[in-house]
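In: task: produce atomic coordinates for the following.
(one chain, ligands or ions: 1)
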Amino acid sequence: MDTHELGIAVVGSGRIGSLRAQMAASHPAVKFLAVSDLSADRAAGLAERTKADFSSSDNMAVIGHPQVNAVIVSTSEHEHLEPVMQALELGKPVLVEKPIALTLADADKIIAKSESTGTPLFVGYAQRFKRRYLSAKDQILEGRVGNITALTGRACNTRAQGIEILKRSATATPVVDVLTYWVDVAGWFLEGIRPVEVTARGHGTVFREAGFDVNDATFALITYENGAVVNLGVYFALPAHAPQLGMGVRIEVYGSEGALILNDDHTDELLITNKGIPHAYIPGLQFQTAFLSSSTPGNWHLGDYWGPVADESRVWLDHLSRNRPCPMATAREARQTLEITLAIEESARIGKAIKLGQ
Ligand SMILES: NC(=O)c1ccc[n+]([C@@H]2O[C@H](COP(=O)([O-])OP(=O)(O)OC[C@H]3O[C@@H](n4cnc5c(N)ncnc54)[C@H](O)[C@@H]3O)[C@@H](O)[C@H]2O)c1
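Out: Here you go, the predicted structure:
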């Protein structure tokens, strides 16, 4: 088997960077691993846990390391641009976490650099790799749904998780940072068809009382060039002890030949215990009842990580090392998704429809 050896740098050693580094460390093609973080201690701790070869608080020391030939950027949402541009400048392929950036101007800089240097960049929309969405995409490709006429979806999560994200990046709103997964999935299911208009409304008091000027609920209608209508909504202010360890989602797709009903709420998997269930994302938060596999990135089992982030990381590493196909979101797809989520926020703010691509 023809396998290229990989040297991977992971920039950002937080929750998701740690999972990416763990996946890289256990991938057979990865012969060198370097990790960085603004916090030297956090990077050093991750390096110790993953037996990485090198750690630093200087991103360029890992991105520019001669043994590194591909870079994962897992920094906070507003800190993606600089390390991504540094890696692309050196011609090193990039996996950057969603959203690609927080402004279209930054997304355009990334796309221009990726295209001018001929360096591929994929964006971590890991929910594509949840089994139910992968199989749904397969059925759409097989033609069993026909032409998609409508898609409706709702994502919900707890205020505790919403506040945790907003503390890190105050403009990473539930729409731009979380509904973005389902805007991506909708765009992936409708691949090749252009979104043309967004209308949205939002409302909320919970986040405002906590000091963040964002809505608890935002619901949007996205119209595509062929007339298809996509209704996506997010509610991020469930009580902190709602049994969600991540997002609860329901997606329905209707087409000329069939329909897909995807219940991703995890209400069929319940753990009840006196012993306390730690929340994977929120330090110190414990539950006595939880929807078992509702943690959005995945779950640990016997020292290995399983689930969407694990599968997505492996797909990217297999793609680089063995030229396997990579059904991750491309930079241009991620830009389209960002354009839609920003338009949803703007439409909810001004109460008017927004034309896309203007
Ligand atoms: N795919 C998924 O399931 C999933 C889940 C959660 C978060 N995410 C995405 O992953 C990214 C990180 O989220 P997280 O939950 O790991 O956050 P986190 O706060 O746990 O980690 C972010 C880390 O980046 C570091 N950092 C910030 N700016 C930096 C810089 N300029 N250089 C180096 N390090 C820097 C911080 O010190 C922190 O350790 C975000 O884009 C988020 O949207 C993806």
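
In: ok, now which ones touch residue 347?
Out: 198, 199, 200, 201, 220, 353, 354 (Cβ atoms under 8 Å, 6 or more residues apart in numbering). (Glycine included, C-beta is placed from N, CA and C.)

In: for residue 58, that is, sorry about that
Out: Residue 58 touches residue 36, counting by Cβ under 8 Å, 6+ apart.

In: pLDDT at it, what is it?
Out: If you check residue 58, the pLDDT there is 98.

In: okay, now the closest residue to residue 174 other than its chain neighbours: neighbour count?
Out: What sits nearest to residue 174 in space, not counting adjacent residues and going by Cβ to Cβ, 6 or more residues apart in numbering, is residue 236, at 3.9 Å. Residue 236 has 29 neighbouring residues, counting by other Cβ atoms under 10 Å.

In: end to end on stretch 304-312, go ahead and measure it.
Out: 14 Å (Cα to Cα, to the nearest Å).

In: that one and the ligand, any residue contact?
Out: Yes - Stretch 304-312 lies within reach of the ligand by Cβ under 6 Å from any ligand atom, at residue 309.

In: most neighbours, which of the contacts of residue 347?
Out: residue 200 leads the contacts of residue 347 on contacts (other Cβ under 10 Å) with 28 neighbours.

In: find me the pLDDT at that one, would you?
Out: So, for residue 200, pLDDT stands at 98.

In: secondary structure element holding it?
Out: strand 195-203 (DSSP states H and E).

In: pull the number of nearby residues for the residue nearest to residue 159 when sequence neighbours are not counted.
Out: Spatial nearest neighbour of residue 159, excluding adjacent residues (Cβ to Cβ, 6+ apart): residue 237 at 4.5 Å. When neighbours are counted by other Cβ under 10 Å, residue 237 registers 25.

In: can you pull the buried residues of the one helix or strand residue 237 maps to?
Out: Assigned by DSSP H and E, residue 237 belongs to strand 229-238. By neighbour count on 16 or more other Cβ atoms under 10 Å, the buried set for strand 229-238 is 230, 232, 233, 234, 235, 236, 237, 238.

In: any idea how far whichever residue of the stretch 201-350 of the chain sits closest to the ligand is from residue 176?
Out: Residue of the stretch 201-350 of the chain nearest the ligand, by Cβ to the nearest ligand atom: residue 297 (3.7 Å). To residue 176, residue 297 is 18 Å away according to Cβ to Cβ, to the nearest Å.

In: I'm done for today, thanks for sticking with me.
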